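Asker: Predicted model and sequence below, questions to follow.
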Amino acid sequence: MFPTRIQLSKKTWDKLQYLQTQTRVTPNVMARIAIMLALRDTRTIILNTTKPEQMHTINRDVLFGEQESVFYLLMRQLAYEQSLHYLDIQDLIRSLIDSGLHKLGHLKKLSDLSSVFE
């Protein structure tokens, strides 16, 4: 399963908080959306294995909520299909969130979020 605490880079956390000010969607929900977007289009995932110097720690229960097992299985499937079994789960989570956030960068208000799901 996932580690108890997930370590995100400060840059990623700042982006999540910025999106919260734009859309009023909490960072943990926005991170879940980012992960799902990255999993939907696995060709654009940029794997980042460097450890961030400044980190923000978030509990896995807060990040994944009741869907923790679903996220875990989806990430395991991705790791299997892309031969990423060597990758640390923290690095995979950070990479998925960063890739998904890149796709969410255009959001200016909550109604813009609907275009992401089309």
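Answerer: Alright, I've got the coordinates.
Asker: contacts and neighbour counts: CA atoms only from here.
Answerer: OK.
Asker: Pull up the gap between residue 118 and residue 112, please.
Answerer: In this view, residue 118 and residue 112 are 11 Å apart by CA to CA, to the nearest Å.
Asker: Which one of these two is surrounded by more residues?
Answerer: Shown here are residue 118 and residue 112; by other CA atoms under 10 Å, residue 112 has more neighbours (13 against 5).
Asker: ok, now which ones touch that one?
Answerer: Listed by CA atoms under 8 Å, 6 or more residues apart in numbering, the contact set of residue 112 is empty.
Asker: where does it fall, helix, sheet strand or coil?
Answerer: With DSSP: H, G, I helix; E, B strand; the rest coil as the basis, residue 112 sits in helix.
Asker: what about it, distance to residue 21?
Answerer: Distance from residue 112 to residue 21, by CA to CA: 14 Å.
Asker: got the contact list for the helix or strand harbouring residue 15?
Answerer: Here residue 15, judged by DSSP states H and E, is contained in helix 10-23. Residues from elsewhere that reach helix 10-23 (CA under 8 Å, 6+ apart): 25-27, 30-31, 52, 54-56, 97-98, 101, 107-110.
Asker: Now with 6 Å, please.
Answerer: Helix 10-23 is contacted from outside by 26-27, 54-56, 108-110, using CA atoms under 6 Å, 6 or more residues apart in numbering.
Asker: for this protein, what's the longest helix?
Answerer: Secondary structure assigned by DSSP state H gives helix 89-104 as the longest helix of the chain.
Asker: Please identify the buried residues of that helix?
Answerer: Residues 89-101, 104 are the ones in helix 89-104 that count as buried (16 or more other CA atoms under 10 Å).
Asker: Check stretch 52-71 too.
Answerer: 60, 63-64, 68, 71.
Asker: And the residue most central in space within the chain, what's its pLDDT?
Answerer: Centroid-nearest residue in the chain, with CA atoms, centre = their mean: residue 97, separated by 2.3 Å. Here, the pLDDT recorded for residue 97 equals 94.
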